[in-house]
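Visitor: Provided below for reference: sequence and predicted model.
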Amino acid sequence: MRKRNVINLIRYHVEGSDESFRREAYMIAKDFELNGDAELSQYILALLSDENTFVPQEEDLKLTFYQKVEPSNNLLPLPEEIKNDILGIINAIHKKCGVNKFLFEGAPGTGKTETAKHLARILNRDLYTVQFDSVIDSKLGQTLKNISALFEELKTLPHPEKIIVLFDEIDALALDRVNENDLREMGRATSMFLKELENSLDSILFIATTNMYQKLNKALIRRFDKVIHFNRYSEEDLIEIADLLLKDFSKNNEIEQNQRLFHKILKLLNPIPYPGDLKNIIKSSVAFSNSNNKSDYLRILFHTIYSEYKNLDLKKLQEMGFTVREIKILTGTSKSTDLEMNKTKKFKRRKESIC
């Protein structure tokens, strides 16, 4: 606790500003916890939680750098390796052993941000996200002020033990710089961020995401208790995830579950995209399909992912390994009927030649 806190308490009491007085008391409790006096901090928080006292609510907070994000109930299909790491995070938080900083790294669409939303739901915590483009300024001095304000603002959030802070795309702050001036200036900003992060409460769960792990400042990486790698999807994983997504999207849409043709189409993609893009492709295919044709989503899916769709002839489709029935689904009845007629004519010619 600082002298300023005591002065503020007296001033707010004299002014009769009950709300400001109690907010300052809440800040003092956080400061005690930060400096290792958890017992006194909990005592003050207990007083603040009394029905006649004020505890800062979301509508009372004026947040500049934080935006509250709703937890997710959407399907989150993850490979077993990643899923086990996420379970490890949950275990670490429940054990309260000071392991509370995690870095999610991986390509766009691998599920980093969505996983943070699911953790908020599982752990019953409020999720606040920080977009670093609102923190980084063209002037270094202002960036340093913003970083300081960022962590000061964090102290105003009620119940830190029920908070997840998501530093989304931390690359903007912590990339290794090639230019010497950039390296020196942004190095100061990164150092300040690391210092503030190190001094933050252990009860807060911090998650940072990055698409550029290899270029990330190594000092920052070391500050995180665990790096979760989200690029660990095999083709089998992605096919299985696609099946789950299709099943999920078909709950409110009556479609034919033609898994064999569905897989054939997906394997035309090389490589199969990560879940974020995969979800969009499958979702739009189901959404835009003809409600009177239960297989039409397969035609749209094929059209979406295969750029040469319009130039394909029946022979090419056959060479790609599609059966007559599948070609009928992908192109329409008339073309598949022509194919059947051509096959019949060829059969007759072979039969006549034999005779």
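Guide: Received the coordinates, thanks. Numbers count the residues shown, from 1 in each chain.

Visitor: and the average pLDDT for the helix or strand that contains Leu144 is what?
Guide: Leu144 belongs to helix 140-154 when elements are defined using DSSP states H and E. Average pLDDT, helix 140-154: 87.

Visitor: quick one: residues in contact with it.
Guide: With contacts defined as C-beta atoms under 8 Å, 6 or more residues apart in numbering, helix 140-154 is touched by 63-66, 130, 134-137, 165, 185-186, 188-189, 192-193, 196-197, 199-200, 204. For every residue, glycine as well, the C-beta is placed using N, CA and C.

Visitor: what residues are up against the residue nearest the centre of the chain?
Guide: Closest residue to the average C-alpha location of the chain: Thr113 at 1.2 Å, with C-alpha atoms, centre = their mean. Going by C-beta under 8 Å, 6+ apart, Thr113 touches Leu166, Asp168, Thr209.

Visitor: I'd assumed Thr209 was in contact with the second one.
Guide: Yes: Asp168 sits in contact with Thr209 when judged by C-beta atoms under 8 Å, with a separation of 5.5 Å.

Visitor: quick one: which of these two has more around it?
Guide: For Asp168 and Thr209, the more surrounded residue by other C-beta atoms under 10 Å is Thr209, and the numbers stand at 24 against 21.

Visitor: list the beta-bridge partners for the more buried one.
Guide: Beta-bridge pairing for Thr209 (DSSP bridges): Phe104.

Visitor: give me the buried positions along whichever helix or strand Arg4 is part of.
Guide: Using DSSP H and E, the element containing Arg4 is helix 3-15. For helix 3-15, a neighbour-count test (16 or more other C-beta atoms under 10 Å) marks Asn8, Leu9, Tyr12 as buried.

Visitor: can you tell me the closest non-neighbouring residue to the last one?
Guide: Looking back up the chat, that one is Tyr12. Phe21 (3.9 Å; C-beta to C-beta, 6 or more residues apart in numbering).

Visitor: where along the stretch 101-250 of the chain do the strands fall?
Guide: Assigned by DSSP state E, counting those that start in this stretch, the stretch 101-250 of the chain shows strands spanning 101-105, 126-131, 163-168, 205-210, 226-229.

Visitor: just checking: what are the partner strands of the shortest one?
Guide: With DSSP bridges as the criterion, the sheet partners recorded for strand 226-229 are strand 101-105 (parallel).

Visitor: quick one: mean pLDDT for the strand it pairs with?
Guide: Average pLDDT, strand 101-105: 97.
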